[in-house]
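Q: build me a structure from this.
(one chain, ligands or ions: 1)
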Amino acid sequence: FPSALAGSKAVAKEIAALIRAKQAQNQPCVLGMATGGTPIYLYAELVRMHREEGLSFKNVITFNLDEYYPIEKDAFQSYWSFMHRHLFNHIDIDPANIHIPNGSWPKEDIKKYCAAYEAELDKLGGVDLQILGIGLNGHIGFNEPGSSIFSKTRLVTLENTTRIANTYEFENISKVPRLAITMGISNILKAKRIVLMGWGQKAHIIAKSVEGNMTEQIPASILQQHSDCTFVIDEPAAAELT
Ligand code: F6R
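A: Numbering: from 1, shown residues only. Coordinates of the predicted model:
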């Protein structure tokens, strides 16, 4: 797409069509959500469609990919706050249908918590459409390079480069959590459809993910084995594709 805005609008259109198709069949629509700078235009466009075009989210169930750990959900930097600020506060989704990993769950119980998070998703039949961004190191969710293709929802250590990239959300790097809860690669791959969005400075890692060898060292490259995955990118992010 010529711009991030144009790409985001196209993804919003696809999501709206899916929500409406599910509504017509009286079925829930399960969306996998990402945070960060990448989906901001997408969420703004979905809010606009809700306000101006009557797009209802009453049948929508969401599962977010990840959350910092530890973090209080009402901290400004939490992904819980992010999602409410950019999307959930402005649409008619049922709060009971929103799922975001709880960044303040007691650590000794976190394995059980993560297993329950993905079990709830599986019980609903899995994700219909998963939105992804991509880290400069190729991470998807917070599955950093080296994450296994079989990885499940779990507590992970963030790479320092990831903490540096996300420092802008915090006072300084020492305040960026060192850990996060993330859905695993195996969970992401179970989505029926995956749309990864990438804008601007991501050309190098986009080219490696799409045209390079599939390797756990570049988690996004694993998406090559998914049967219905599209990378939606703008012109700068496409610059290194051959
Ligand atoms: C966030 C997430 C991450 C981001 C990635 C890109 O929920 O899963 O993988 O998508 O770090 O971040 P931005 O969009 O800020 O460049």
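Q: from here on, just use CA atoms for contacts and neighbour counts.
A: Will do.
Q: per-residue confidence for the closest residue to Phe76 other than its chain neighbours?
A: Leaving aside its sequence neighbours, Phe76 sits nearest to Phe82 (Cα to Cα, 6 or more residues apart in numbering; 7.4 Å). With respect to pLDDT, Phe82 scores 98.
Q: hmm, who's touching the longest helix along the chain?
A: Longest helix in the chain by number of residues (criterion: DSSP state H): helix 4-24. Helix 4-24 is contacted from outside by 1, 28-29, 39, 41-43, 45-46, 55, 57, 59-60, 129, 195, 199, 232-234, using Cα atoms under 8 Å, 6 or more residues apart in numbering.
Q: adjacent strands (with direction) for the next helix-or-strand element following that helix?
A: Counting by DSSP states H and E, the next helix or strand C-terminal to helix 4-24 is strand 29-33. Using DSSP bridges, the strands paired with strand 29-33 are strand 60-64 (parallel), strand 129-132 (parallel).
Q: quick check: mean pLDDT across the helix or strand following strand 29-33?
A: Counting by DSSP H and E, the element after strand 29-33 in chain order, helix or strand, is helix 40-53. Regarding helix 40-53, the rounded mean pLDDT is 98.
Q: C-alpha coordinates for helix 40-53, PDB please?
A: Extracted in PDB, the C-alpha atoms of helix 40-53 (Å, rounded to 0.1, in the frame of the first residue of the first chain):
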ATOM      1  CA  ILE A  40      -3.100   2.500  15.900                       C
ATOM      2  CA  TYR A  41      -4.500   3.600  12.500                       C
ATOM      3  CA  LEU A  42      -6.400   0.300  12.200                       C
ATOM      4  CA  TYR A  43      -8.100   0.800  15.600                       C
ATOM      5  CA  ALA A  44      -8.900   4.400  14.700                       C
ATOM      6  CA  GLU A  45     -10.600   3.200  11.500                       C
ATOM      7  CA  LEU A  46     -12.600   0.500  13.300                       C
ATOM      8  CA  VAL A  47     -13.800   3.200  15.800                       C
ATOM      9  CA  ARG A  48     -14.800   5.400  12.900                       C
ATOM     10  CA  MET A  49     -16.700   2.500  11.200                       C
ATOM     11  CA  HIS A  50     -18.500   1.900  14.500                       C
ATOM     12  CA  ARG A  51     -19.500   5.600  14.800                       C
ATOM     13  CA  GLU A  52     -20.200   6.400  11.200                       C
ATOM     14  CA  GLU A  53     -21.200   3.100   9.600                       C
END
